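Colleague: Starting from these lines, generate the structure:
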Amino acid sequence: MSEATHTVIGMRRPGPEQLPLWDVPDWVRMVGVFDLETTGVDVTADRIVTAHVGLLDADGGVIRARDWLADPGVPIPDGARAVHGISTEHARGHGRRAADVVAEVVDAVRALLDAGIPVVAYNAPFDFSLLKYECLRYGIAPIEDPAPVIDPLVVDKAYDRWRKGKRTLQVVAAHYAVRLEAAHQASADAVAAGRVAQALAERFAPWLPPTVHELHTRQIGWARAQAESLTEYFIGIGRLDPDDRLDGRWPIR
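Modeller: Sure thing, here's the model as predicted:
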């Protein structure tokens, strides 16, 4: 395949230099962003350490932002501290009560969704699922079916399936020329993910669904198919047993 030709969901498309001008979807004019940094990667057991919920304008500018630091009530493992830089001592000394933080984060995310503003979360099932289990832990009503959500990880894989390399936020942000400073800080990651979503909307405008709600629905199927494909790959290389399956539910598990 030549450099000027790419594959998009089974269709061949011209390279960027050959594309006509297309209007980007309306939803890029204002997007919510959401990210958590946590004590680990088990969504049912690990806890929120920091959180960010914000709002970006059409140019990716921050027009609203709120950050939280929680005392998770449990020690922060060294591995997690090495990622986000928050120690147990710092969280205990400066963080707020976890239940209060969880309630406020839920309220902030729910307010965006209730207003019809799409919320961008990179690898959405992690953040939304962990938030749900934190709610259940503290007796707070969770967001059971968040929508509309935009997950740049799922969208990028769907529209540029065969691109080699990792799909971490840092790598994907660099691919779409989005600056990401202070990676693994909730605010930096959330804003970068929102800008990546906007870059994806511009890059793939001719093939995107006409509404954000249809895009949300499409991502449910894409995420399931991506999990099935990765499951088969992991079984093939011996990383998973043949009877095991990756969870492809999206945007919450």
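Colleague: which residues does D243 contact?
Modeller: Residues in contact with D243 (CB atoms under 8 Å, 6 or more residues apart in numbering): none are found. All C-beta atoms are positioned from the backbone trio N, CA, C, and that covers glycine.
Colleague: so it, which of the three states?
Modeller: coil (DSSP: H, G, I helix; E, B strand; the rest coil).
Colleague: What separation do you get for it and I235?
Modeller: 9 Å (CB to CB, to the nearest Å).
Colleague: One more: A190?
Modeller: 34 Å.
Colleague: higher neighbour count, those two?
Modeller: Using other CB atoms under 10 Å as the criterion, A190 and I235 rank with A190 on top: 29 against 15.
Colleague: Per-residue pLDDT of that one, please?
Modeller: pLDDT, A190: 98.
Colleague: Show me what counts as buried in the one helix or strand it maps to.
Modeller: Here A190, judged by DSSP states H and E, is contained in helix 186-203. Buried residues in helix 186-203, counted by 16 or more other CB atoms under 10 Å: 186-201, 203.
Colleague: Same question for stretch 140-155.
Modeller: Quick answer for stretch 140-155 (16+ other CB under 10 Å): 140, 142-143, 146-155.
Colleague: Convert that stretch to PDB, retaining C-alpha atoms only.
Modeller: Included here for stretch 140-155 are C-alpha records, laid out as PDB according to Å, rounded to 0.1, in the frame of the first residue of the first chain:
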ATOM      1  CA  ILE A 140     -23.400   7.200  45.800                       C
ATOM      2  CA  ALA A 141     -25.700   6.700  42.800                       C
ATOM      3  CA  PRO A 142     -23.400   5.800  39.900                       C
ATOM      4  CA  ILE A 143     -23.600   6.800  36.300                       C
ATOM      5  CA  GLU A 144     -25.000   3.500  34.900                       C
ATOM      6  CA  ASP A 145     -25.000   4.200  31.200                       C
ATOM      7  CA  PRO A 146     -22.800   7.200  30.300                       C
ATOM      8  CA  ALA A 147     -23.700   8.700  26.900                       C
ATOM      9  CA  PRO A 148     -22.600  10.300  24.700                       C
ATOM     10  CA  VAL A 149     -18.900   9.300  25.200                       C
ATOM     11  CA  ILE A 150     -16.000   9.600  22.800                       C
ATOM     12  CA  ASP A 151     -13.100   7.300  23.300                       C
ATOM     13  CA  PRO A 152     -10.100   8.300  21.100                       C
ATOM     14  CA  LEU A 153      -8.500   4.900  21.600                       C
ATOM     15  CA  VAL A 154     -11.500   3.100  20.100                       C
ATOM     16  CA  VAL A 155     -12.000   5.600  17.300                       C
END
